[in-house]
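Engineer: my questions concern the predicted model and sequence given below.
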Amino acid sequence: MKKIYKVQKFKTDSDWLLHRGIGGSSASAILNQNPYMSANELYDQIVFHSKKESDYENEVTIRGKSLEPLIRNEFKFFYKDTFKVVEPPKHNWIFKRIDKPFLTASLDGVLIDLKTKEKGVLEIKTKEVKSESEALKWELGTIPQNYYIQCLHYLMVTGFTYCFIVSHLIKKNYQTNELEWVKMNIQKIYRKGKEEELVALENIETNFYKNCLDHKRPRAIFEVLIRR
């Protein structure tokens, strides 16, 4: 398959933040499926640069950044006979579509199947679950919609064949604030059979970005064209 992306590396984290374009979290925000950011808030970020670098730091992002290399190493150990794992550089990287460089992906790793040589996305999450029933949904294969859209976006940007979402599910006792358990969960999304959804997602993101350039604020919630 023809390579459809280029990789940009950075000297500082601040430089990386300035070049993220329409990334995975943006994709779910455009579809109003991101619990942390709306399409209008994303519009303000792109058009008016409303978000400051300090705004990206909170307990959730700090936890994710701290645990990401540990989870990646755990995955590498258990899948050492199946995949080669290519890690991000020190100050991160961004994958950009060659034809549409505003479509970007900040991957937690690249997977290379040792038998087929096919490439895939490694996406790492740390998720605090609120109940045993929520944990059961994960165990039964339910992926939060914003995570699912994020991975489809990454497949659309890179042209890769598959995406592995490797999550550490964290459960606390909210009366004592003590940690009860941490479980590893792996969900797999394959490109095959999803081409229609990938094209629809690309069109929606492209139109959103063009509207940002024209200073046309989003007025309606886009229909989610993601079938599960």
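Structural biologist: That came through fine. Residues are numbered from 1 along each chain as shown.

Engineer: helix or strand right after the helix or strand of the chain with the lowest mean pLDDT?
Structural biologist: The helix or strand of the chain with the poorest confidence is helix 13-17; it has a mean of 71 (mean pLDDT, DSSP states H and E). Using DSSP states H and E, the helix or strand that directly follows helix 13-17 along the chain is helix 24-30.

Engineer: mind giving me the packing neighbours of that next one?
Structural biologist: helix 39-48, helix 145-158, helix 195-213 (3 or more C-beta pairs under 8 Å, 6 or more residues apart in numbering; DSSP states H and E). For every residue, glycine as well, the C-beta is placed using N, CA and C.

Engineer: who wins for proximity to G109 among those?
Structural biologist: G109 lies closest to helix 145-158 among these, at 11.2 Å (C-beta to C-beta).

Engineer: now for the next helix or strand after the closest one, which elements pack on it?
Structural biologist: The helix or strand immediately downstream of helix 145-158 is strand 162-173, counting by DSSP H and E. On a contact count with 3+ C-beta pairs under 8 Å, 6+ apart, strand 162-173 meets helix 59-78, strand 119-129, helix 132-139, helix 145-158, strand 178-190.

Engineer: ok now strand 162-173, how far from the chain's centre?
Structural biologist: Mean-position distance between strand 162-173 and its chain equals 13 Å (C-alpha atoms, centre = their mean, to the nearest Å).

Engineer: any idea how far P101 is from P88?
Structural biologist: Distance, P88 to P101, by C-beta to C-beta, to the nearest Å: 19 Å.

Engineer: and what of K216?
Structural biologist: Distance of K216 to P101, given as C-beta to C-beta: 21 Å.

Engineer: follow-up on the earlier one: need the winner for burial among the helices and strands packed on strand 162-173.
Structural biologist: helix 145-158 (a mean of 23; mean count of other C-beta atoms under 10 Å).

Engineer: what about that one, average pLDDT?
Structural biologist: Average pLDDT, helix 145-158: 97.

Engineer: how far off centre is that helix?
Structural biologist: For helix 145-158 - counting by C-alpha atoms, centre = their mean - the centre lies 6 Å from the chain centre.

Engineer: need the contact partners of it.
Structural biologist: For helix 145-158, the external contacting residues (C-beta atoms under 8 Å, 6 or more residues apart in numbering) are 4-5, 23-25, 27-28, 31, 33-35, 95-97, 103-105, 107, 119, 121, 123, 125, 160, 162-163, 165, 189, 191, 194, 197-198, 201-202, 205, 224, 226, 228.
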